[in-house]
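>>> build me a model from this:
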Amino acid sequence: MASRKSPLPARSSVLGRMLAYLGLSALAGLLVAGLMLPAVSLAGAGVGVGQDMLDRMPDELPTEPVSVPSTIVSEDGQVLATFYAENRTPVTLDQVSDHMEHAIVAIEDARFFQHEGVDARGLVRAAVHNATSDSTQGASTLTQQYVNQLLINSQQIRGDSRLTISGNKNVSDKVKEIKLAVAAEKQMSKEQILEGYLNITLFQGRAYGVEAASQYVFGKPAAELESWEAATLAGMVQSPTGYNPSRNPEGTTNRRDTVLRAMRNNGYLSEEELQHALAQPLEVVMKGVPSGCLNAEFGAYFCDYVERQVLADPTFGPDVLSRRALLDRGGLTIRTTLNTELQKSAEDITRRAIPNDEAYGAGQALVSLEPGTGNIRTMAQNTEYAIKDELGRTTLNLNAEREWGGGAGFQAGSTLKPFVALAWLRNGNHLVDTVDASRNLYPAGTRFQASCRPGGYVSIGTDWNINNVVDGLVKRDRIDEGIFWSVNTPTVATAYQMDLCDITNLTTQLGIRRAIDGSPLQPDEPTFLLGSDSVAPLSLAGAYAALAANGLYCEPRAILEVTDTTGNQYDVGEPTCTQVVAPEHVAELTPVLRHHAGYNLAPDGAGYEFAGKSGTNNNNSSTWFVGYTTELATAVWSGRYTNLKSMIGETVRGQKRDVFYGTTFNGPSWLEFNQRAKEIYPPGELPEYSGPQSEDPGEEGPHPDGMDFFVEDIQRGGADPENVPE
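Take a look at the predicted model:
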């Protein structure tokens, strides 16, 4: 870059003698009065004003960091989205073309390398002009502009935006700017000031700083700018809106040419170089880095979930406004739990399973968690993330609760049955126990034990008729057989012998909550036993992840670490886990769920062990398969998300569907996803149960081979018999 010349005017010059005689404070007071006050007010606004003001002004530069975009990235560093109020990519001066340095100095402050922050010659000229004319002139140096923008940045971070670059300043503001400009020149080299200026100033649109501006306008780094390109950017500083190449190409070109001639006049270009630059056409790209989750290439709904988590967390500020400011300006790198490869696979699978351009209001959602940590590895659905709700496009996160961008959730159906069984085990019982499942009518007034309610019970308000899809099972039945066939009457009969509050306490401890308000399931309506409450897939995935982790429940977790540009780390906490279910109870339940899942999804085997449970609501508008390996717990939901209309008879993938159970679409998606996932998270062996058994299928006890004898003896043909009251 150009060599640095003497920073001060010669002492023998008039200006040098003026500085030496009056001193900075006196000169500032005199000249500020001339610059900023009308001629009629000039009298009396001299040395005293400047001295008093300067004495009250700090001489330290603002220390707040310059606004820098934040990014949300996957676990392996792939960018999901960028957030910014000011798009800026800080660079060092050696990463900026010499032409750019020359252009900005030539047009904004040709005497930059001669003054010490305040250009006395320019101040005198502007003061005389403003005192004798109806028009005004400014005399801000690059250093003053840099200081002014530091002040604005500081105020914006603090939530006060009174100052503007356009000069909405009073006398006190101007005096402060002058004093800090002189202080800046004492604390920083000219190169540091120029670098800071090029990184902070607005060039075009929301492109702040020369690197972001160069990428936005020309699609190239600032280091590669040619003289005519650098002149274009430098010319924009005066009026980023006015000199917009897309809207005002002629004005932008004229301004560029003005800058080029200034570069020639200041010795930065030869006449031949000037003529060559003037002959170049104005060729621009005008493509910036989009801001926010709407522009995420993958994981948009997960991105939205993470953004909401940040804005709700006091770790990032005392209120939502301060957290938003930090996200948009703080240069955060938010590393999440998302696995890039699996996320893309999940998005592909859900969109192929139920195409979003068919069957308006039909969706499929898939979310998977890591047992033992709660880390969310995937969060996908078949829709496109978009502000305007239309066919296949919505911002509604089908996997999440309303608080985190979701809706009212979906009826859980028979996915709740395993937790009734676990509560039974917690009370010292076994799954080989039999219950009277021959009862399919509970008349109005029937009491269920509920110790957490007044009187210790709840009563049914109307007759409750319970249906089973599988015929012939309204009889005394073993609890494990009822789970295997997903029969409703054994589940209700089991709960009837228990305290309903024991069941809801367990579901609460496992994170199962109503999606609409995050409240725990309640025992007041016993229909909750069959999944009548609407929950979010993420909630169920978390509960099943506890089964995969031998009873250890971990709250779903999306953020691994957060750092800013200075290396400061924010405390996002470690996994929050609690041992909720005894491992021996999980070991007793898992073989039942393993055979249920295998029988419905992969009768010939999948090459690895997995367990799970299907679910369907009474209206066939909401269907599930939630399952787990030792390494992942995954919930897949399909159905209506705009209404409760049945999916039976709907055309999906060009075929009219006469059945729509939990394994119709969810099972195949779950299996395909886990076939891909096993390459990244190789499953181990699920726990074996060694408790009470009987080798005689006719006796009350599981067969040594687990549930296989159910398939041989009952032969229900793979029905998926979930039915819950609406």
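>>> where are the low-confidence patches of the stretch 301-450 of the chain?
Scanning the stretch 301-450 of the chain with the threshold set as pLDDT under 70 gives 358-360.
>>> go on, the chain?
Applying pLDDT under 70 to the chain flags the ranges 1-58, 122, 124-139, 159-171, 358-360, 693-726.
>>> what about the helices in the stretch 251-400 of the chain?
Assigned by DSSP state H, counting those that start in this stretch, the stretch 251-400 of the chain shows helices spanning 271-278, 300-312, 320-329, 340-353.
>>> the last one to helix 300-312, inter-axis angle?
Direction vectors for helix 340-353 and helix 300-312, defined by axes from the mean of the first three to the mean of the last three C-alpha atoms, to 10 degrees, enclose an angle of 120 degrees.
>>> which strands and helices sit next to helix 340-353?
Judged by 3 or more C-beta pairs under 8 Å, 6 or more residues apart in numbering; DSSP states H and E, helix 340-353 is in contact with strand 362-369, strand 376-381, helix 666-677. C-beta: built from backbone N, CA, C; applies to glycine.
>>> what lies in contact with that helix?
With C-beta atoms under 8 Å, 6 or more residues apart in numbering as the contact definition, helix 340-353 has outside contacts at 74-76, 78, 298-299, 302, 364-366, 368, 377-382, 638, 665, 668-669, 672-673, 676-677, 680.
>>> just the buried ones out of these, please.
74, 78, 298-299, 302, 364-366, 368, 377-382, 638, 665, 669, 672-673, 677 (16 or more other C-beta atoms under 10 Å).
>>> Provide a list of residues in contact with Q280.
Shown in contact with Q280 (C-beta under 8 Å, 6+ apart): 226, 228.
>>> wait, E229
E229 makes contact with 99, 214, 217-218, according to C-beta under 8 Å, 6+ apart.
>>> would you format the helices of the stretch 251-400 of the chain as a markdown table with distance to Y544 included?
Compiled in a markdown table, the helices of the stretch 251-400 of the chain are given as follows (distance: least, C-beta to C-beta, whole Å):
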| stretch | distance to Y544 |
| --- | --- |
| helix 271-278 | 66 |
| helix 300-312 | 19 |
| helix 320-329 | 32 |
| helix 340-353 | 16 |
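>>> pull up the distance across stretch 522-530, start to finish.
Across stretch 522-530, the terminal residues are separated by 13 Å (C-alpha to C-alpha, to the nearest Å).
>>> again with stretch 370-389
Length of stretch 370-389, first residue to last, C-alpha to C-alpha: 32 Å.
>>> tell me the buried residues in it?
Neighbour counts over stretch 370-389 (16+ other C-beta under 10 Å) mark 370-385 as buried.
>>> export the helices and strands packed on helix 340-353 to a markdown table and tack on distance to I503?
Converted to a markdown table, the helices and strands packed on helix 340-353 look like this (distance: least, C-beta to C-beta, whole Å):
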| stretch | distance to I503 |
| --- | --- |
| strand 362-369 | 23 |
| strand 376-381 | 26 |
| helix 666-677 | 24 |
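>>> for L431, what are its contacts?
L431 neighbours (C-beta under 8 Å, 6+ apart): 421, 424-425, 478-480, 483, 588-589, 592, 702.
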